[in-house]
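1. fold the following.
(one chain, ligands or ions: 1)
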Amino acid sequence: MGNDIVLKSTSLKTGYYNKNKVKTVIGDFKNLTLEKGDFIALLGPNGVGKSTLLKTLSGELLPISGSIIIDNRNILDYSNIEKSKVLSFVFSNVQIVGNLSVKETVMMGRYPYVNWWGKLSPKDDALVIQALEDVGAIHLIERKITQLSDGERQKVMIARAIAQDTPLILLDEPTAHLDLINRIEIFQLLKRIARKHQKSILLSTHEVEMSLQIADKMWILENGKCTIGTPDAIISEGEIERVFSNKNIGFDTNQGTFNYCADKTLFSYNISIDSNVEITEETRLRISWVEKKFLSEGCVRSDTPDFIIHLILDNNSKNLVWDISYLNTNKRCEMDGLDLFKTILKLYTR
Ligand SMILES: Nc1ncnc2c1ncn2[C@@H]1O[C@H](COP(=O)(O)OP(=O)(O)OP(=O)(O)O)[C@@H](O)[C@H]1O
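-> Numbers count the residues shown, from 1 in each chain. Next comes the predicted model:
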């Protein structure tokens, strides 16, 4: 195993045994490798087997077959205490045991290293402080874990994993239930940790757009198989569209974002801008959002459209207005996208 490889699995099958010892294979993976400093997002639809894979890689679940080597040793050969020195696992639903303080919670990450007398050393104390500083939660150190918000608690659980100081950190949906700012913060924080401490980090997530922007590599699970690649490779191979798009969700490969589309085509349109209109950034933005609205309603752009929509400067009001041509009718309406859509819909359905 190369020096930078932290985990390597070979011919790994994940899954479960029922009461009668009948096995269900959930995932079948040829080779999976995690290297030092990797920040990897594990993605896939609900129920595809992300948690099962993480639990198997962490040794919580036995593989159906195949091997997992961590730090040059088979995971089955590790005692629990030895395993907690090579990998830490952050769960999505934080199980709070007792009424511990933030400091005591992060201290738990140091228990694999307690000395003969079961005592934590000043070095352990320093590592706990450092971990809380790394996640930006040092100000919470004296608080009770039960008195934190979900985002704060998640940062503390990540601090505990940092304090555990393992080469490998696995996280199961660490951003579930968090608001956008906290989701981005957790992603960036984990990436910083991967870089700064050369940890290998694998997290399961449903954040496709964020993973494309922040992760080094993506592992995409589908039908029990895993496709691995950098975001640019994954996008250019059309993998995101294939796995995550459907008739209602389109993927914009240039922007790396999803667009919501309607099931049925309603009407076709074309938008143009009058030469008297000054095209500012705001106008351009407005039009692009009008088009998103149209897309979500099932309207398609066409060169031979049902509706010709022209953005003009109204001579009287000096405001920008939409001029709509449909059959032999002309109608005007406010710049607003919803107003435009409703006006067109009325003409179309009358
Ligand atoms: N203990 C279990 N015994 C049997 N089957 C299980 C068990 N836990 C999960 N499964 C099944 O294994 C499959 C994969 O579940 P898993 O939780 O790994 O999916 P996931 O990709 O993490 O899903 P989600 O995105 O919804 O969290 C599902 O069909 C699930 O019902």
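
2. which residues touch the residue sitting nearest the centre point of the chain?
-> What sits nearest the mean C-alpha location of the chain, by Cα atoms, centre = their mean, is residue 207, with 2.1 Å. Counting by Cβ atoms under 8 Å, 6 or more residues apart in numbering, residue 207 makes contact with 41, 175, 183, 187. Any C-beta I mention is one placed from the backbone N, CA and C, and that applies to glycine too.

3. wait, a strand at residue 158?
-> No. Under DSSP: H, G, I helix; E, B strand; the rest coil, residue 158 falls outside any strand and is assigned helix.

4. quick check: beta-bridge partners of residue 268?
-> Under DSSP bridges, the beta-bridge partners of residue 268 are residue 300.

5. residue contacts, it?
-> By Cβ under 8 Å, 6+ apart, the neighbours of residue 268 are 299, 300, 301, 302, 304, 305, 306, 307.

6. buried ones among the residues you listed?
-> 299, 305, 306, 307 (16 or more other Cβ atoms under 10 Å).

7. and the pLDDT at the last one?
-> Think residue 307. Listed pLDDT for residue 307 reads 97.

8. that one reaches residue 343, doesn't it?
-> No. Contact status for residue 307 versus residue 343: not in contact, 9.8 Å apart, counting by Cβ atoms under 8 Å.

9. show me where the stretch 1-150 of the chain has strands.
-> 5-17, 23-35, 39-43, 65-70, 73-74, 87-90 (DSSP state E, counting those that start in this stretch).

10. which of those strands is buried the deepest?
-> Comparing those by mean neighbour count (mean count of other Cβ atoms under 10 Å), strand 39-43 ranks first with a mean of 25.

11. quick check, that one touching the ligand?
-> No. Strand 39-43 lies out of reach of the ligand by Cβ under 6 Å from any ligand atom, never closer than 8.6 Å.

12. return that strand as CSV; C-alpha atoms alone will do.
-> What follows is strand 39-43, C-alpha atoms only, in CSV (Å, rounded to 0.1, in the frame of the first residue of the first chain):
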residue,chain,number,x,y,z
PHE,A,39,-11.9,15.4,0.8
ILE,A,40,-14.5,13.1,-0.8
ALA,A,41,-18.3,13.4,-1.1
LEU,A,42,-20.3,10.2,-1.3
LEU,A,43,-23.5,10.9,-3.1
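
13. strand partners (parallel or antiparallel) of that strand?
-> With DSSP bridges as the test, strand 39-43 is paired with strand 200-204 (parallel), strand 217-222 (parallel).

14. so who does the nearest residue to residue 319 once chain neighbours are set aside touch?
-> Nearest residue to residue 319 in three dimensions, chain neighbours excluded: residue 335, at 7.0 Å (Cβ to Cβ, 6 or more residues apart in numbering). Neighbouring residues of residue 335 by Cβ under 8 Å, 6+ apart: 286, 311, 319, 320, 321, 322.

15. returning to what we had before: mean pLDDT added to the strands of the stretch 1-150 of the chain, as TSV?
-> Converted to TSV, the strands of the stretch 1-150 of the chain look like this (pLDDT from 0 to 100):
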stretch	mean pLDDT
strand 5-17	96
strand 23-35	95
strand 39-43	98
strand 65-70	97
strand 73-74	96
strand 87-90	94
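
16. can I get those strands in CSV including distance to residue 240?
-> Below are the strands of the stretch 1-150 of the chain laid out as CSV (distance: least, Cβ to Cβ, whole Å):
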stretch, distance to residue 240
strand 5-17, 23
strand 23-35, 20
strand 39-43, 9
strand 65-70, 28
strand 73-74, 34
strand 87-90, 25
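
17. so which of those comes closest to residue 211?
-> Closest of the strands of the stretch 1-150 of the chain to residue 211 is strand 39-43, at 3.6 Å (criterion: Cβ to Cβ).

18. could you check the angle strand 23-35 makes with that closest one?
-> Relative orientation of strand 39-43 and strand 23-35, computed by axes from the mean of the first three to the mean of the last three Cα atoms, to 10 degrees: 160 degrees.

19. fine by me, we can end here.
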